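Chemist: Predicted model and sequence below, questions to follow.
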Amino acid sequence: MAILLTSFLPLLVVVGCLFAYELATHRDRVQRDLHAAADFLAANSAPTLAFDDAEAAQETLATMTAWPDLAESALYTPDGRLFASQVRTGGWKLAPTSAPVIEGLRPGDAGTEMVRSVTQKGRRLGTLYVRAGTARLHERLMRYTSIVLVVSAALAGGAFMLMALLQRLVSSPILRLSRMAEAIARGDLSARAPVTSGDEIGQLAGALNRMANELSQSYAALEARVRARTAELAAANTGLQAEIQERQAAEVALKRTAAELARSNRDLEEFANVASHDLQEPLRKITSFGDLLKSQAGPTLGVEARDYLERMLNAAIRMRRLIDDLLIYSRVSARSQPHVSVDLSRVVQGVLEDLETALARTQGRVEVGPLPVLEAEETQMRQLFQNLISNALKFRKADVAPVVTVRQEADDAVDVPGGGEEAPGGGWCKLVVQDNGIGFDEKYRERIFGVFQRLHTQAAYEGSGIGLAVCRKIVQRHGGVIEAHGRVGEGATFIVRLPLRRRLQQKGEHGDE
Amino acid sequence: MNWQRIGWLVVALVLVWAGWPARAQSEAPEYQIKAALLYKVALFVEWPDRAFESPSSPFVVGVLGGDPFGPWLEQELGGMRIGDHPVEIRRLKRASQGRDCHMVFISRSDEMRLDEVLDELRSMPVLTVSDRSGFCETGGMIGLVPHQNHVRIALNADSAERVGLTISATLQRVALSVYSTPNKGHR
């Protein structure tokens, strides 16, 4: 269609121009011809008018066929009578029957008319009328039109044949290629286009076929890789599942072990508690009967016997203290009081009041810095600081008045218990209890927290050796840590880290050491 | 006796009726037509410039021999112009007087002297016209010939050309016959 249009447009433009040119030049040509014909006819018809020879006049007018535009001519005598007239064959007879008065050229309905007088040597012999018809213009325009029609038909035919040819050469192969591409797009990788020609379309078809080949090959390779990868993944998955099962089994075992451990721990503590209570009864009997024996039979006994009795009573007293301490230790785990907001400054003040006599005796001094308020069991906090401060006073240097500092420090420790777990609420507090006492060897820093572990003889420093064990127990029950630093002769430092808010779940309710 | 007078009247009418046809044929007197023809012929003939003293000098028409025109010559040609030249009519006594004319009509009455006249005018640009029969054959230029109750012209362009006159080619179209006499009878 576009081909037809592009072919017809120039043709139409050319023909339009031709028409316009023809119309424009027709007038000029007609006027020129009319003048020439009128001159000729007037000169030649002059004697026929003069000698009244109508026959010759008729013959003269007949020569107007030499001007193809002339359609009609007529001669009139000077008195206005129609003398002779000629009409081109097939034309209309439009000449007036009497001589027209107005001379000159004027356009009429049926063409341009011209009227002029016929004179010879100034003598008027008659009037000539000539008319140029539009027949010739029409004929020419008709000829153009028919040319246009013929050329149009030829163009249409040519365009149709060209289209048919193009369709056969280009469109249908391209359509086949497009169908093949669509088939490939749908996933049919086996689609191929027949390569029939060696031109661009054939090359395109070849390229498309190669592309399809490569596509199917790479698709196959991809599928193979996917299958291999899937198999690998399945294998890995099986392995993982096995591992998960193992881990689950291990976890179950661990839980069972932990539960067993907790139970045995509980059993142990219960046993300790029960044992302590049950042990106190015979011990009280030993003490009271020992005292009775000493007061009633004392004087009768020999010195040696009295010394034995005294040693027995001392041992009983020491044993009782051991049991008491053991009870305290076991109570730390067994009894659970609700956590409340505890002002450590007030707690330490209370402890110092209790230790007033010991301080006076040793002429010691306890410096207390600002301490935080935290959520804890108040009695256990009191126990903690009682133990730490009294411990510091106890292991003083013989010749130096003990000075104990209790303070809070900015917590620089990264390695907090719980593996860097953020304490719920307000973080951690670092409490330091430092003394100027005898200190200890750094290698015993763990051992000193053991139950009944002593670094010194009973004789040098009295005590059951359970105080720091209780401290560690308390701190652990509050989710904190305690550590000790020291050197022999240079004092000891105990660092306690406690969470300011109580942890939601207390790990190791019954101790996990 | 009354019938006699009516009878004479009828005879007179018949005679009058019979006498008309000659006039009725051409509707106008013969020499009126011929006088008009003289003028019309002059329209289609070109004279050389030397034939006129000036552009407005008179065009002289001479009648040689007995004048057959009567009043018609003056009526048809008097006051007329050939181009810019006013027409002047002369009655000629001798042929030599024709040398001063532009056109000479030789009447039938002068028949005996035709050769002489033509010879006299041969070297001058004078158009010779006559209604004698065989005028053009004998070397005359324009002949007025009766033809089917009309007066037509005959012409001899060679004779005119020989004295420097040009008879319009278009005139030949209306001429009844055209003669060609190269040197015929004039050595």
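Modeler: That came in fine, so what should we check first? Quick caveat, the model's predicted, so the values are computed rather than measured. Residues are numbered from 1 along each chain as shown, chains lettered A, B, ... in the order given.
Chemist: CA atoms for contacts and neighbours, from now on please.
Modeler: Noted.
Chemist: what are the ranges of the helices in the stretch 351-500 of chain A?
Modeler: Assigned by DSSP state H, counting those that start in this stretch, the stretch 351-500 of chain A shows helices spanning A:356-362, A:378-394, A:467-477.
Chemist: Select, out of the ones you listed, the one closest to residue A:211.
Modeler: With CA to CA, the closest approach to residue A:211 among the helices of the stretch 351-500 of chain A belongs to helix A:467-477: 73.1 Å.
Chemist: On the pLDDT front, check residue B:187 for me.
Modeler: For residue B:187, the model assigns a pLDDT of 38.
Chemist: State the phi and psi torsions of residue A:441.
Modeler: phi -70, psi 140 (degrees, to the nearest 10).
Chemist: ok, back up a step: most neighbours per residue, which of the helices of the stretch 351-500 of chain A?
Modeler: Burial of the helices of the stretch 351-500 of chain A is given as mean neighbour count (mean count of other CA atoms under 10 Å in any protein chain shown); helix A:467-477 ranks first at a mean of 23.
Chemist: So residue A:142 belongs to a helix, correct?
Modeler: Yes: under the criterion used here (DSSP: H, G, I helix; E, B strand; the rest coil), residue A:142 sits inside a helix.
Chemist: can you count the residues close to the residue nearest to residue B:135 when sequence neighbours are not counted?
Modeler: Among residues not flanking residue B:135 along the chain, residue B:143 sits closest, at 5.9 Å (CA to CA, 6 or more residues apart in numbering or on different chains). The tally of other residues near residue B:143 (other CA atoms under 10 Å in any protein chain shown) stands at 27.
Chemist: does residue B:143 count as helix, strand or coil?
Modeler: Following three-state DSSP, we place residue B:143 in the strand state.
Chemist: Settle this for me: it is touching residue B:127, isn't it.
Modeler: No: between residue B:143 and residue B:127 there is no contact under CA atoms under 8 Å: 10.8 Å.
Chemist: sorry, back to before: what residues are up against the residue nearest to residue B:135?
Modeler: For residue B:143, the contact set (CA atoms under 8 Å, 6 or more residues apart in numbering or on different chains) comprises B:129, B:130, B:131, B:132, B:133, B:134, B:135, B:136, B:153, B:154, B:155.
Chemist: and which of the residues you listed is nearest chain A?
Modeler: Taking CA to the nearest CA as the measure, residue B:153 is the one of the contacts of residue B:143 closest to chain A, at 8.8 Å.
Chemist: related to what we said a few turns ago, specify the beta-bridge partners of the residue nearest to residue B:135.
Modeler: residue B:130, residue B:154 (DSSP bridges).
Chemist: to the chain's geometric centre, what's the distance from the strand or helix carrying residue A:165?
Modeler: Under the criterion of DSSP states H and E, residue A:165 resides in helix A:135-166. Relative to the chain's own centre, helix A:135-166 is displaced by 65 Å; criterion: CA atoms, centre = their mean, to the nearest Å.
Chemist: which residues does the residue in chain B positioned nearest to chain A contact?
Modeler: For chain B, the residue positioned closest to chain A under CA to the nearest CA is residue B:83, at a distance of 4.5 Å. The contact partners of residue B:83, by CA under 8 Å, 6+ apart, come to A:121, A:122, A:123.
Chemist: moving C-terminal of the longest helix seen in chain A, what's the next helix or strand?
Modeler: In chain A, assigned by DSSP state H, the helix with the most residues is helix A:200-296. Once the chain leaves helix A:200-296, the next helix or strand it forms, by DSSP H and E, is helix A:303-334.
Chemist: Nearest residue to the residue of chain A found nearest chain B in space, please, no chain neighbours.
Modeler: Closest approach between chain A and chain B, counting by CA to the nearest CA: residue A:121, at 4.5 Å. The shortest distance from residue A:121 to any non-neighbouring residue, by CA to CA, 6+ apart, is to residue B:83 (4.5 Å).
Chemist: returning to that earlier point: out of the contacts of residue B:143, which are buried?
Modeler: Neighbour counting with 16 or more other CA atoms under 10 Å in any protein chain shown marks B:129, B:130, B:131, B:132, B:135, B:136, B:153, B:154, B:155 as buried within these.
Chemist: export those to TSV and tack on pLDDT and distance to residue A:53?
Modeler: What follows is the buried ones among the contacts of residue B:143, written out as TSV (pLDDT from 0 to 100; distance: CA to CA, whole Å):
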residue	pLDDT	distance to residue A:53
B:129	93	20
B:130	91	20
B:131	89	19
B:132	87	22
B:135	88	22
B:136	89	21
B:153	90	11
B:154	92	14
B:155	91	16
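Chemist: what about stretch A:118-136, how long is it end to end?
Modeler: End-to-end distance of stretch A:118-136: 27 Å, with CA to CA, to the nearest Å as the criterion.
Chemist: who touches it?
Modeler: Residues from elsewhere that reach stretch A:118-136 (CA under 8 Å, 6+ apart): A:30, A:34, A:38, A:41-43, A:45-46, A:49-50, A:68-80, A:95, A:99-100, A:110-117, B:43-44, B:82-83.
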